[in-house]
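> Provide a 3D model corresponding to the input given below.
(2 chains)
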Amino acid sequence: MARGTGKPLHLTGVQLENWRNFAQVDVGLQRRVFLVGPNASGKSNFLDVFRFLHDVVAVGGGFQEAVRKRGGVSKLRSLSARRYPDVAVHVSIGNDETPTAWEYELRFTQDNRQRPIIKREWVARGGREIMCRPDDKDETDPERLTQTYLEQVNANQEFRDVADFLATVRYLHIVPQLVREPDRSVGRSNDPFGGDFLEQVARTSEKTQKARLRRISDALRVAVPQLKELELWRDPARGTPHLRGKYEHWRPQGAWQTEEQFSDGTLRLIGLLWAVLDGSGPLLLEEPELSLHPEVVRYVPQMFARTQRRTGRQILVSTHATDLLRDEGIGLDEVLLLLPGVEGTEMRPAGDFAEVRALLEGGSSLAEAVIPLTRPMKVEQLSFFGD
Amino acid sequence: MIAPDTVILAAVEGPIDEAVLRRLAQHVGTDLRSVFGKQGKPSVLRSLHGYNLAAHRPPLWVVLVDLDRDADCAPLVVSQWLPDPAPYMCFRVAVRAVEAWLLADREQIARFLSIPVSQIPTDPESLADPKRTLVDLAGRSRRRAIRQDMVPRPASGRAVGPAYASRIIEFVHGDWRPESAMTRADSLRRSILCLNRLLSRL
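Numbers count the residues shown, from 1 in each chain, chains lettered A, B, ... in the order given. The predicted model follows:
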């Protein structure tokens, strides 16, 4: 897809207008992005931009469905937006040499029947416009503005690469309880919360599956030293797939345990490592540090870096973890700070702040330099709740 | 099997120093049980009094920090930071940073970085900023993976690349030879002596 550029394409920048709690955003995106901000500052809403574009091009998706899934235009539109302005999303896609190989913009509002309606859809290739709507046909038949060209194979021929690229976006926020009890999310495929995680593992060709599980169990041994082996196993009675691990034990043979007995941390780490190996498009991860020991969290950024050097894959993560941000190799342009204000949340790279640079120069860790900038306002009041 | 009473407790600035101490412990025939600190030098120095209190009885404690540019010579700061070391305390300062100890194994570091040995400084403890030197040397590597992992992108605003620590740890565990490094790094040689001396006392 990258057409001879070597490394796969990645999202190189995003501009938003009135998207959920962002009135205005204009930020560059590196291959590795860490979103840091207080609770409810919009980290997930920001990641949702890319899930939304994925939903537009997904099989069984489309623009109408993507907006409907999110509760309609009125839910998507920023609360701080005055009156009824458009919601706009503009993404740049490229690589290190050509950051704007492609640009895609979608601007929409709702009509008086509360249907999402496109105000503008625009594509540029290498900075040159190749499509712009509304076009003549849209003028004669306004109904056409309920669908994007992006989602239609007979209209997106010239920018199919953009649609293909957006279709590769993956989101993951593994909830261990759902992995253990897949019945709760029966029938979902690619469930971001891990409901069909075991099915996904089972669907992978045996060779790939074995190779990946071997790599994962090697890596896991660092965090879970007793774990010796990891394999997919089908329950002979019901045929349902399970992950099972062989634990070193007082018995000479060791003992097998299935995912039902794995700890939350082990399951999340397995999910995280699997996700990193599975697929090539941008990977969106919510708080990968959850349930993990701080010593394990510390090495997550370096693990991402080495994976990316090999595969070129982009990884965007939201995080609260000081231990993760203590990593010395995280670039100031890789950290995006979300700063809530009355006019919605503002987003800026850590490198924009002179004080952050000065603190790092003086020997502070990145965590020490940026976490205070994103501290929730009046957080101390939480302690009063006890009375 | 290592006798449980010869294990060591340690406190360090970060994960690279931890790897180095683990390798040194292995070199002197023991192992680190727990490693404290790892939140930068100021936090190690802040907790130093507590580590020293604990070191009034076994097990052994080893605390390692970088000299950096805090003083001209290590012994001076050692007596300043810890004027009254406990009997089981081995407080060491790397001149001027632990990276100098790694550069001191010239052949192996050259091989790891894929650069000619002639480019590795012969007196690493005289370097003002050994970490910087190490990153600069990595930038001359014939291997792209090494350059990408260890050298920061200009726009990153950081001193090291995205997988610098991971690479260095890989080197320390796989290739670094303390016994040859100590011939060029006196602060390393003395650290090994200190460990051996205290271990023999147990």
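
> switch to C-alpha atoms for all contacts and neighbour counts from now on
OK.

> Mind listing what's buried along stretch A:216-233?
Buried residues in stretch A:216-233, counting neighbours by 16 or more other Cα atoms under 10 Å in any protein chain shown, are found at A:216-220, A:223, A:227-233.

> now stretch A:286-305
A:286-292, A:297-305.

> Out of these, which comes closest to chain B?
For these, the closest approach to chain B (Cα to the nearest Cα) belongs to residue A:302, at 4.9 Å.

> Do I have it right that the closest one meets residue B:162?
Yes - using Cα atoms under 8 Å as the test, residue A:302 is close enough to residue B:162 to be in contact (6.3 Å).

> Overlap of the contact sets of those two?
Counting by Cα atoms under 8 Å, 6 or more residues apart in numbering or on different chains, the contacts common to residue A:302 and residue B:162 are residue A:329.

> Please list the members of the buried residues of stretch A:216-233 that lie in strands.
A:227-233 (DSSP state E).

> Can I get those residues in TSV including pLDDT and distance to chain B?
Formatted as TSV, those follow (pLDDT from 0 to 100; distance: Cα to the nearest Cα, whole Å):
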residue	pLDDT	distance to chain B
A:227	76	20
A:228	78	21
A:229	81	23
A:230	85	24
A:231	85	27
A:232	85	30
A:233	84	33
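
> what would those residues look like in JSON lines with distance to residue B:63?
Formatted as JSON lines, those follow (distance: Cα to Cα, whole Å):
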{"residue": "A:227", "distance to residue B:63": "31"}
{"residue": "A:228", "distance to residue B:63": "33"}
{"residue": "A:229", "distance to residue B:63": "36"}
{"residue": "A:230", "distance to residue B:63": "38"}
{"residue": "A:231", "distance to residue B:63": "41"}
{"residue": "A:232", "distance to residue B:63": "44"}
{"residue": "A:233", "distance to residue B:63": "47"}
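
> Remind me what whichever strand or helix holds residue B:197 packs against, helices and strands.
In this assignment (DSSP states H and E), residue B:197 forms part of helix B:186-201. Counting contacts by 3 or more Cα pairs under 8 Å, 6 or more residues apart in numbering or on different chains; DSSP states H and E, helix B:186-201 packs against strand B:60-66, strand B:89-94.

> Identify whichever of those strands lies nearest to chain A.
The nearest among the helices and strands packed on helix B:186-201, by Cα to the nearest Cα, is strand B:60-66 at 12.3 Å.

> tell me the mean pLDDT for the helix or strand just after the closest one?
Using DSSP H and E, the helix or strand that follows strand B:60-66 in sequence is helix B:74-81. Helix B:74-81 carries an average pLDDT of 90.

> How about stretch A:199-216?
Rounded mean pLDDT across stretch A:199-216 is 88.

> ok, back up a step: keep only those of the buried residues of stretch A:286-305 that are also close to chain B.
Among those, the ones lying near chain B by Cα under 8 Å from any Cα of the partner chain are A:301-303, A:305.

> Against residue B:134, how distant is the residue sitting furthest away from the middle of chain B?
Here chain B reaches farthest from its C-alpha mean at residue B:155, the gap being 28.3 Å by Cα atoms, centre = their mean. Separation of residue B:155 from residue B:134 (Cα to Cα, to the nearest Å): 20 Å.

> so what pLDDT did the residue minimising distance to the centre of chain B get?
With distances taken as Cα atoms, centre = their mean, residue B:98 lies nearest the centre of chain B, 3.6 Å away. On pLDDT, residue B:98 comes in at 97.

> and if you look at the one 3 residues further on?
For residue B:101, the model assigns a pLDDT of 98.

> Following element in sequence after the helix or strand where it lies, please.
Using DSSP H and E, residue B:101 falls within helix B:98-103. Counting by DSSP H and E, the element after helix B:98-103 in chain order, helix or strand, is helix B:106-113.

> re the thing from before, can you name the two of the buried residues of stretch A:216-233 that sit furthest apart?
Using Cα to Cα, these reach their maximum pairwise distance at A:223 and A:233, which is 22.5 Å.

> if I pick residue B:37, what's in contact with it?
When contacts are counted by Cα under 8 Å, 6+ apart, residue B:37 touches B:11-14, B:43-44.

> Give me the subset of the residues you listed lying in strands.
Using DSSP E, the contacts of residue B:37 in strands are B:11-12.

> Take the contacts of residue B:37 and lay them out in a markdown table including distance to residue A:317.
Shown next, in a markdown table, are the contacts of residue B:37 (distance: Cα to Cα, whole Å):
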| residue | distance to residue A:317 |
| --- | --- |
| B:11 | 30 |
| B:12 | 28 |
| B:13 | 26 |
| B:14 | 23 |
| B:43 | 28 |
| B:44 | 30 |
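
> ok, the contacts of residue B:37 vs chain A, which is closest?
For those, the nearest to chain A is residue B:14 (9.5 Å; Cα to the nearest Cα).

> between the helices and strands packed on helix B:186-201, which one is nearest to residue B:191?
Of all those, strand B:89-94 comes closest under Cα to Cα, at 6.2 Å.

> Residues of chain B that sit close to chain A?
For chain B, the residues in contact with chain A (Cα under 8 Å from any Cα) are B:39-40, B:145, B:148-149, B:152-153, B:155-166.

> Buried ones among those?
For the residues of chain B next to chain A, buried by 16+ other Cα under 10 Å: B:39-40, B:148-149, B:152-153, B:156-166.
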